[in-house]
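> just need the structure, nothing else, for what follows:
(chains A and B)
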Protein chains: 2
Amino acid sequence: MELQEREQAVTDDVVASFAGASSDRFREVMEAVVRHLHAAAREVRLTQGEWFAAIDFLTRTGRMSDDRRQEFVLLSDVLGLSMLTVAINADADPAVTESTVFGPFFHEGSPAVEQGGDLAAGAPGVPCWVEGTVRGTGGEAVPGARVEVWEADEDGFYDVQYDGARTANRGHLFTDADGGFRFWSVRPAAYPIPSDGPVGELLAAAGRGPMRPAHIHFLITAPGYRRLITHLFAAGDPYLGSDAVFGVKESLVVGFTEHGPSEPAPRGGPSAGRWASVRHDFVLAPEGAHA
Amino acid sequence: MELQEREQAVTDDVVASFAGASSDRFREVMEAVVRHLHAAAREVRLTQGEWFAAIDFLTRTGRMSDDRRQEFVLLSDVLGLSMLTVAINADADPAVTESTVFGPFFHEGSPAVEQGGDLAAGAPGVPCWVEGTVRGTGGEAVPGARVEVWEADEDGFYDVQYDGARTANRGHLFTDADGGFRFWSVRPAAYPIPSDGPVGELLAAAGRGPMRPAHIHFLITAPGYRRLITHLFAAGDPYLGSDAVFGVKESLVVGFTEHGPSEPAPRGGPSAGRWASVRHDFVLAPEGAHA
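Have a look, this model is predicted:
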């Protein structure tokens, strides 16, 4: 048998092995995964040494992941698979707020905060007032929407990166009768994604920088609407053009306003010192909507 | 921007991000990985839910792996990537012994056994005498070749699957001046690959069986020759046509001879009871040789 035939025979055998899958969708996905995975290996003429290195890389990526560190999400992010998945699932309606990467720093069980409350919980940074509304594509207010927020502090760290298990700069609240939300946090900072693991090695070998432009994460859910996973990016950030995870979209870049110590802050804000503010209105797609 | 353009733009950005890699080979491999990974996601229109499921699957696969369990090797095996890599790197010379999968059960630090010694170390099974030679493609004997052997016992378990850390059915020896080797072990048995992890879930969803036909693993190394990773499969095994990891090659299927209790066994064999034997001559490619 010729070399090419021999290789194709392996691929054909493996694709055929999924013929008896109980789910048509599972079969479809696995057949495509096998065909493309094999095509990549054949295209580059993968060596045994490279195969061992890949196994080792993926194993270490998995072993580094736990409930406070998600190295596989980070890998998906730096390979652009996360943003591609966002693009594939984007809503066709341009009125809907655009999505971006979920990222590796979400975790379940964030504290509830009151409207106007402070979710910084002592995280270092310039106090930042965040407000806006959640609406549907018809312009209707969405009351009771769950707005989940997480972000890095001024040193570029999320709470899950702190020593110990303290929760900070993370919380959720529910929109009021007018779809409004408002809370205190800190002004976000640009930061490097964690580079002490396999993904850091990959970025270094690629000659790529680890920086992400400053942003606040939002996960917004409400009955009858599609879940929205997005960020607000800070206009003017020097890394907007070189986000390590390809997450920036023009429509998500917003101006943060700087306020001097003499400007009175909303209730619950700092009694002295400067503060910042940002406002954004989010628009959710109706449930079941798709591109 | 059109949907297709928007998706292609993501892929183009990510491919371009590897342009500054210090190694041309790393850049080539990563560009191909990104293109094919993205092509797979686009082809199946990967959903966000499927992306989360894939992240979870890969994370659990990594977390299950340690120095006694290699779930990522198993994943590569059941997706045929291992055998494809073997095919890509196969030697062009048909005289060379064919390779097959490395498998997840190798581990470093096996005990040395003497020529004619017993590497079963108490593993349950019918005693089996294994002998043969290691030669080069010119027919020359290869003395001092390291012959590393590992295999499942009659219950289908490798030592790394036993409770505790006992070593059994695993060892290495060096060929004599004539390139010969001989040792006692046990007759191998067909067995299911481990199905208590993510790979087991995948096989179940695919409606695929977990069985591998009976075999003995060999890893043979000698200065001046290419490393050989292969198996000897037992002729007549019912699973030769449906190996869960696609590892069977006709040239590696050999007859194991059954001997009654009255037949005298080679030195070190059982003093009573039946035993088995197998013989095979391995041929190594010269170092640097390639398809």
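
> and the strands in the stretch 1-150 of chain A, which stretches?
In the stretch 1-150 of chain A, the strands defined using DSSP state E, counting those that start in this stretch lie at A:127-136, A:146-151.

> neighbours around the residue of chain A found nearest chain B, how many?
Nearest residue of chain A to chain B: A:Gly62, at 1.0 Å (Cβ to the nearest Cβ). Every residue, glycine included, has its C-beta placed from N, CA and C. The burial metric for A:Gly62, expressed as a neighbour count using other Cβ atoms under 10 Å in any protein chain shown, is 24.

> so what's the closest residue to it other than its chain neighbours up against?
Spatial nearest neighbour of A:Gly62, chain neighbours left out: B:Gly62 (1.0 Å); criterion: Cβ to Cβ, 6 or more residues apart in numbering or on different chains. Going by Cβ atoms under 8 Å, 6 or more residues apart in numbering or on different chains, B:Gly62 touches A:58-65, A:72, B:71-72.

> and B:Gly62, what pLDDT?
At B:Gly62, the model reports a pLDDT of 96.

> ok, now which ones touch A:Ala21?
A:27, A:30, B:205-207.

> quick one, helices of the stretch 51-200 of chain A?
A:71-78, A:81-88, A:198-206 (DSSP state H, counting those that start in this stretch).

> so in that sheet, which strands flank the next helix or strand after the last one, and in what orientation?
Tracing the chain C-terminally past helix A:198-206 and defining elements by DSSP states H and E, one meets strand A:211-212 next. Strands adjacent to strand A:211-212 in the sheet, as given by DSSP bridges, are strand A:191-192 (antiparallel).

> surely A:Ala177 and A:Val134 touch.
No - here A:Ala177 does not reach A:Val134: they are 11.9 Å apart, not a contact under Cβ atoms under 8 Å.

> in terms of neighbours, single out the busier of these two.
A:Val134 (29 against 8).

> show the model's pLDDT score for the more buried one.
pLDDT, A:Val134: 98.

> next: the one 5 residues further on.
Looking at A:Gly139, its pLDDT is 97.

> cool, A:Val34 as well?
98.

> let's see the pLDDT reported for the nearest residue to it once chain neighbours are set aside.
Closest residue to A:Val34 apart from its sequence neighbours, by Cβ to Cβ, 6+ apart: A:Val14 at 5.0 Å. We have a pLDDT of 98 for A:Val14.

> so can I have JSON lines of the strands of the stretch 1-150 of chain A showing distance to chain B?
What follows is the strands of the stretch 1-150 of chain A, written out as JSON lines (distance: least, Cβ to the nearest Cβ, whole Å):
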{"stretch": "strand A:127-136", "distance to chain B": "19"}
{"stretch": "strand A:146-151", "distance to chain B": "16"}
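
> possible to save those strands as a markdown table with distance to A:Gly197?
Below are the strands of the stretch 1-150 of chain A laid out as a markdown table (distance: least, Cβ to Cβ, whole Å):
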| stretch | distance to A:Gly197 |
| --- | --- |
| strand A:127-136 | 30 |
| strand A:146-151 | 20 |
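
> quick check: beta-bridge partners of A:Gly136?
Under the criterion used (DSSP bridges), A:Gly136 bridges to A:Leu284.

> who wins for most neighbours among the contacts of A:Ala21?
Among the contacts of A:Ala21, A:Met30 has the most neighbours (other Cβ under 10 Å), with 21 neighbours.

> is it true that that one touches A:Phe18?
Yes - with contacts counted by Cβ under 8 Å, A:Met30 reaches A:Phe18, the gap being 4.7 Å.

> can you name the residues that contact the most centrally placed residue in chain A?
Computing the C-alpha centroid of chain A and ranking residues by Cα atoms, centre = their mean puts A:Phe102 first, at 2.2 Å. By Cβ under 8 Å, 6+ apart, A:Phe102 lies in contact with A:73, A:82, A:219, A:229.

> next, give phi and psi for it.
With angles defined as degrees, to the nearest 10, A:Phe102 sits at phi -80, psi -40.

> the residue nearest to A:Glu154 when sequence neighbours are not counted: neighbouring residues, count only.
Leaving aside its chain neighbours, A:Glu154 sits nearest to A:Gly125 (3.6 Å; criterion: Cβ to Cβ, 6+ apart). Per other Cβ under 10 Å, the neighbour tally for A:Gly125 reads 18.

> pLDDT at A:Gly125, what is it?
95.

> roughly how far apart are it and B:Met211?
Counting by Cβ to Cβ, to the nearest Å, the gap from A:Gly125 to B:Met211 is 58 Å.

> go on, A:Ile88?
Taken as Cβ to Cβ, the span from A:Ile88 to B:Met211 is 37 Å.

> so what sits against both of A:Met30 and A:Phe18?
B:Ala206.

> please report how far A:Val253 lies from B:Val14.
20 Å.

> the more surrounded of the two?
Set A:Val253 next to B:Val14 and count neighbours by other Cβ under 10 Å: B:Val14 wins out with 23 against 17.

> mind giving me the packing neighbours of the helix with the most length in chain A?
Counting by DSSP state H, the longest helix found in chain A is helix A:24-44. Secondary-structure packing of helix A:24-44 (3 or more Cβ pairs under 8 Å, 6 or more residues apart in numbering or on different chains; DSSP states H and E): helix A:3-16, helix B:24-44, helix B:81-88, helix B:198-206.
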